[in-house]
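Chemist: sequence first, predicted coordinates after that:
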Amino acid sequence: MKREPLQITSPPWPIIAAQISQHIRQAFVPQSLSPVGGGCISQTFCIRSHNQQFFIKLNKARYLPMFEAEAAGLEAILNSASLRAPQPLCSGNDHDHAWLVLEFIDLQNHGDAAALGAGLANMHHHTAETFGWIRDNTIGSTPQKNTATGCWISFWREHRLGYQLNLARKNGYTGSLQSLGEQLLSEFQHFFTDTMPLPSLLHGDLWGGNHAFDTGGQPVIFDPAVYYGDRETDLAMTELFGGFPPDFYAAYRDTWPVEAGYATRRQLYNLYHILNHLNLFGPQYLGQAELIIKGLLAELG
C-alpha cells in the first residue's frame with residue numbers, strides 16, 4: 001500500500017480531532033502529528049495536543065469494519081482484567097479514510113515476560129458457551145469467520161483450515177496442497193481423542209510483534225484477532241516466529257499446564273497462520289504448508 005504524507009490540517013485530521021473532543025468531553029486541539037513505525041496494514045500516527053496524545057490507525061474508508069472489530073476485541077481483552085491493552089476511544093470514516101483512535105502507550109521491547117505468561121493464562125480462563133465470537137473480524141487483512149459453533153473440531157475445520165484452503169484454491173494453489181488438505185480435514189479429529197478444548201478468550205494473533213511492555217515493564221498486547229477457541233492456538237502462535245522468553249512459558253504452565261498432545265496440535269494450529277501467510281504474501285509459504293500437513297498426516301499413521 002502506497003503511503004503518502006498527511007498534514008495535520010488536511011482531511012481527515014480535523015474530523016478526527018473533533019471526534020476525540022466529543023469522546024473526552026473537552027476540546028482537543030492537535031499541535032503535532034507524527035508517524036509511528038510498525039504498522040504493516042494501516043498507517044499509524046501519534047496525534048498530540050499540549051497535554052494529551054492518542055494513537056491513530058488510518059486506512060481506506062472500506063476498512064472501518066476491520067477497525068470496529070479490533071476495538072471490540074480490545075474491549076473484550078480489557079474486560080477480562082487479565083492483561084493491559086490499548087483502550088479504544090473512537091472510530092469512524094469519511095469518503096476516503098477510516099480510522100481507529102486508541103490510548104497511546106509508550107512501549108519498550110523488554111519487561112516482565114512471566115507476567116505476560118500468567119496474564120495470558122488468566123485471560124484464557126475467561127470462557128464462553130460456544131466457539132467463535134459475536135462478530136467476524138480479520139487475521140491480518142484476511143476475513144476471519146467467527147460463526148458460533150458448539151464443536152471445536154467443526155469450527156476449526158470449517159472456519160479456520162477449510163476457509164484458508166478454499167481461499168488458497170481461489171488464489172491458484174491447487175494440486176497437492178488441496179489433496180493433502182482434504183485428507184487432513186477428514187481425519188484431524190483424531191488429534192483430540194484425549195482432550196476437549198474449552199472456548200477460551202483468545203488474542204488470536206499473538207506473535208512477537210503484537211506484544212510489548214510499558215515503561216513500568218508490564219506486558220501490553222494489541223492488534224488482536226479475538227475469538228473464543230482452544231487456548232493452545234494462542235500458545236502455538238507464540239512459538240511460530242522464534243518464540244517468547246522461557247519465563248513466559250514457565251509462568252503460563254504454572255498457572256494452567258498444557259495437556260498431552262500439544263506438541264502435535266501446535267502444528268495443526270500454526271498451519272492456519274502459514275496458510276494465511278500463503279494467501280497474503282505468496283508461494284514462498286507453499287512448501288512449508290505442505291510439509292506441515294504431511295507431518296500431521298504421518299502422526300495419524
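Modeler: Structure received.

Chemist: could you look up the SS state of residue 223?
Modeler: Put simply, residue 223 is coil when judged by DSSP: H, G, I helix; E, B strand; the rest coil.

Chemist: gap between it and residue 121?
Modeler: Counting by CB to CB, to the nearest Å, the gap from residue 223 to residue 121 is 20 Å. Just so you know, the C-beta spots here come from the backbone N, C-alpha and C atoms, and that holds for glycine as well.

Chemist: tell me the domain ranges of the chain?
Modeler: Domain ranges of the chain: 13-105, 108-300, per automatic domain parsing.

Chemist: adding mean neighbour count and mean pLDDT, write these out as CSV.
Modeler: Converted to CSV, these look like this (neighbours: other CB atoms under 10 Å; pLDDT from 0 to 100):
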stretch, mean neighbour count, mean pLDDT
domain 13-105, 17, 94
domain 108-300, 18, 97
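
Chemist: what about residue 44, which SS state?
Modeler: What three-state DSSP gives for residue 44 is strand.

Chemist: now it. Nearest residue, chain neighbours left out?
Modeler: With sequence-adjacent residues excluded and distances taken as CB to CB, 6 or more residues apart in numbering, residue 44 is closest to residue 36, at 4.4 Å.

Chemist: kindly report the same for residue 20.
Modeler: residue 28 (4.4 Å).

Chemist: for the one you found, list the residues it contacts.
Modeler: By CB atoms under 8 Å, 6 or more residues apart in numbering, the contact list for residue 28 reads 17, 20-21, 49, 52.

Chemist: between those residues, which sits nearest residue 84?
Modeler: Taking CB to CB as the measure, residue 84 lies nearest residue 52 of the contacts of residue 28, at 18.8 Å.

Chemist: against residue 31, how distant is the closest one?
Modeler: From residue 52 to residue 31 the distance is 10 Å (CB to CB).

Chemist: the contacts of residue 28 into TSV, with extra columns for secondary structure and distance to residue 66?
Modeler: Shown next, in TSV, are the contacts of residue 28 (DSSP: H, G, I helix; E, B strand; the rest coil; distance: CB to CB, whole Å):
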residue	secondary structure	distance to residue 66
17	helix	22
20	helix	20
21	helix	24
49	coil	27
52	coil	26
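
Chemist: can you list those in a markdown table and add distance to residue 93?
Modeler: Shown next, in a markdown table, are those (distance: CB to CB, whole Å):
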| residue | distance to residue 93 |
| --- | --- |
| 17 | 15 |
| 20 | 15 |
| 21 | 18 |
| 49 | 23 |
| 52 | 23 |
